[in-house]
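K.L.:
can't give you the sequence, but here's the structure:
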C-alpha cells in the first residue's frame, strides 16, 4: 500500500469517528454513569471535596424517607429514569447526586418523588455550582 492510500484511509477513519461522535445524541438511556462517587471523607456525603464535578440535591422535607428518581427528557418529550440517580431521601427529606464535568449544562431533567415532581432543570454549568431543587405538589 502506498503512503497516499494509507493517508487516505487514515483521513476516512478520522472523519467517520468524528461523524459518529457528532451524530450521537447528547443523552441516551444508560449513557449517564453512576452519580455516586466514593465519598472523600466520613461526612455524610455533604462535603464538596473529591472528584472534579458538582452536585444536584433535592430538599423535600414533606417526603422524608420516600423513594426518589431523577429523570431526563428525551427528544420525543418522554421522561426516562437516570440509572444511578435514584434512592430514598434521608430523614430530613434530602438527597444529593454528583454530576460529572462532561454532563455540565445538559438537560432538561426533573426529580420525581411519589406523586410530586420538580420543575424541569438543567444540570449546573460548572464546578462548585450545586443546584438545589424542590418538588411541586401535583
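P.N.:
Perfect, I can see it now. Remember, it's a predicted structure, so these values are computed and weren't measured experimentally. Numbers count the residues shown, from 1 in each chain.

K.L.:
Tell me if I'm right that residue 134 and residue 118 touch.
P.N.:
Yes: here residue 134 reaches residue 118: they are 6.5 Å apart, a contact under Cβ atoms under 8 Å. Any C-beta I mention is one placed from the backbone N, CA and C, and that applies to glycine too.

K.L.:
neighbour count winner among these two?
P.N.:
Under the criterion of other Cβ atoms under 10 Å, the comparison of residue 134 against residue 118 puts residue 118 first, with 20 against 14.

K.L.:
Provide the backbone phi and psi angles at the more buried one.
P.N.:
Phi and psi for residue 118, reported as degrees, to the nearest 10, are phi -90, psi 170.

K.L.:
got a pLDDT number for it?
P.N.:
Reading off the confidence values, residue 118 has pLDDT 93.

K.L.:
thinking again about what came up before, hey, what's in contact with both of residue 134 and residue 118?
P.N.:
Taking Cβ atoms under 8 Å, 6 or more residues apart in numbering as the criterion, residue 134 and residue 118 both touch residue 58.
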